[in-house]
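# Please work out how this folds:
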Amino acid sequence: MRFRALIVAFLSFFLGMLTIFNGGSALALDREQMTYDEIVGTGLANSCPTVTSFSRGTIPVESNKTYSVSDLCIEPQQYFVKEEPLNKRQTAEFVEGKLLTRYTSSLEQIRGSIFVDENGVLTLKEKDGIDFQPVTVLLPGGEEVPFFFTIKKFVGKTEPGFTSINSSTDFVGGFKVPSYRGAGFLDPKARGVYTGYDNAVALPASADSKELQRTNVKQTPIGKGTLSLQVTQVDGETGEIGGIFESEQPSDTDLGAKKPVDVKIRGIFYARVAPED
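Numbering: from 1, shown residues only. Sure, this is the predicted structure:
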């Protein structure tokens, strides 16, 4: 029994030291060196790479030059939904929700560019990549809120005066939010945008009533969102940057049948920056 206690104590110490040397995370692994079978079902595919926590370097930039952004990965970790209060005298507040869509929430392999103007303003533009994910969160009251998590066509700018990308660099701007469902989607009564019925078949005489018009006339509106990328780690040798993000965007409208609610997402991001050839 004495030897068993010593073995348990030794293993606990060894695993603790292993976690420390791996940057504080037992899952700090390189996905590029792992096989598909080692990753599938573990959730690692949904995790973004990280920059060493001790990296506080800089990436020098020159005015009137463009730099490429590759491998941009955005990993959400917290979700909040603005909920209307029961008391009209109170203001709406964001309530934290629980993710229901498991390991399919991160955006990755996104490409973009950073342009530096003569005033030292850095402009980050998103081009393409896996830049959208259908996500659903569960509120404490039991309501499920679906939304189209994305940063499509994001254009973010910094304050003037930057000669390098460092831990004080923040990109703030807006992006487009496409409809959660496409124009070919049919609701339970077979109504759609360009296909299916144009009203509920069981109520043909009431098809033009104001109460049913919003549900009958399907739409795929494009919303707008805001995003803030706050750089906190920079590796000047590899061109890697990382940090935290906060995004705010509208939820699903059920093809225009209901009013969207505001959704706030927080998490971490990672990217590589290099001069364009």
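# What segments of the chain are helices?
2-21, 36-39, 210-216 (DSSP state H).
# what's the least confident stretch among the ones you listed?
Mean pLDDT across the helices of the chain is lowest at helix 2-21; the value there is a mean of 46.
# Buried residues, the top strand by length along the chain. List them.
Identified as the longest strand of the chain according to DSSP state E is strand 65-83. In terms of neighbour count (16 or more other Cβ atoms under 10 Å), strand 65-83 has its buried residues at 67-69, 71-76, 79-83. C-beta here means a position set from N, CA and C on the backbone, and glycine is covered the same way.
# got those residues as a markdown table, with distance to residue 154 columns?
Shown next, in a markdown table, are these (distance: Cβ to Cβ, whole Å):
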| residue | distance to residue 154 |
| --- | --- |
| 67 | 16 |
| 68 | 15 |
| 69 | 11 |
| 71 | 16 |
| 72 | 10 |
| 73 | 14 |
| 74 | 10 |
| 75 | 16 |
| 76 | 15 |
| 79 | 19 |
| 80 | 20 |
| 81 | 22 |
| 82 | 21 |
| 83 | 26 |
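# Quick check: of those residues, which lies closest to residue 187?
residue 81 (22.7 Å; Cβ to Cβ).
# My read is that the closest one contacts residue 261, right?
Yes. Using Cβ atoms under 8 Å, residue 81 is in contact with residue 261, at 5.9 Å.
# what residues are shared contacts of those two?
Counting by Cβ atoms under 8 Å, 6 or more residues apart in numbering, the residues touching both residue 81 and residue 261 are 145, 251.
# what's around the closest residue to residue 257 other than its chain neighbours, how many residues?
The shortest distance from residue 257 to any non-neighbouring residue, by Cβ to Cβ, 6 or more residues apart in numbering, is to residue 215 (4.7 Å). Residues within reach of residue 215, counting by other Cβ atoms under 10 Å, total 17.
# The one 3 residues further on now?
Applying the criterion other Cβ under 10 Å, we find 23 residues in the vicinity of residue 218.
# residues near residue 222, how many?
11.
# And the pLDDT at the closest residue to residue 111 other than its chain neighbours?
Among residues not flanking residue 111 along the chain, residue 127 sits closest, at 4.7 Å (Cβ to Cβ, 6+ apart). Note on residue 127: pLDDT of 97.
# now do residue 204
Here, the pLDDT recorded for residue 204 equals 63.
# Residue 91 too?
Residue 91 is given a pLDDT of 83.
# That one: neighbour count?
Residue 91: 9 neighbours (other Cβ under 10 Å).
# Distance check, the closest residue to it other than its chain neighbours against residue 92.
Nearest residue to residue 91, sequence neighbours excluded (Cβ to Cβ, 6+ apart): residue 85, at 7.1 Å. Distance from residue 85 to residue 92, counting by Cβ to Cβ, to the nearest Å: 6 Å.
# One more: residue 62?
On the measure of Cβ to Cβ, residue 62 and residue 92 end up 45 Å apart.
# Next: residue 217.
Counting by Cβ to Cβ, the gap from residue 217 to residue 92 is 27 Å.
# So for those two, which residue has more residues nearby?
residue 217 (14 against 11).
# For the more buried one, give me the backbone phi and psi.
Dihedral angles of residue 217 (phi, psi; degrees, to the nearest 10) stand at phi -90, psi 100.
# Model confidence at the closest residue to it other than its chain neighbours, what's the number?
Once flanking residues are discounted, residue 217 sits nearest to residue 256: 6.8 Å by Cβ to Cβ, 6+ apart. Residue 256 is assigned 83 on the pLDDT scale.
# Which parts of the stretch 101-250 of the chain are strands?
For the stretch 101-250 of the chain, the strands defined by DSSP state E, counting those that start in this stretch cover 107-116, 122-130, 132-138, 144-150, 155-157, 164-165, 170-177, 223-235, 240-250.
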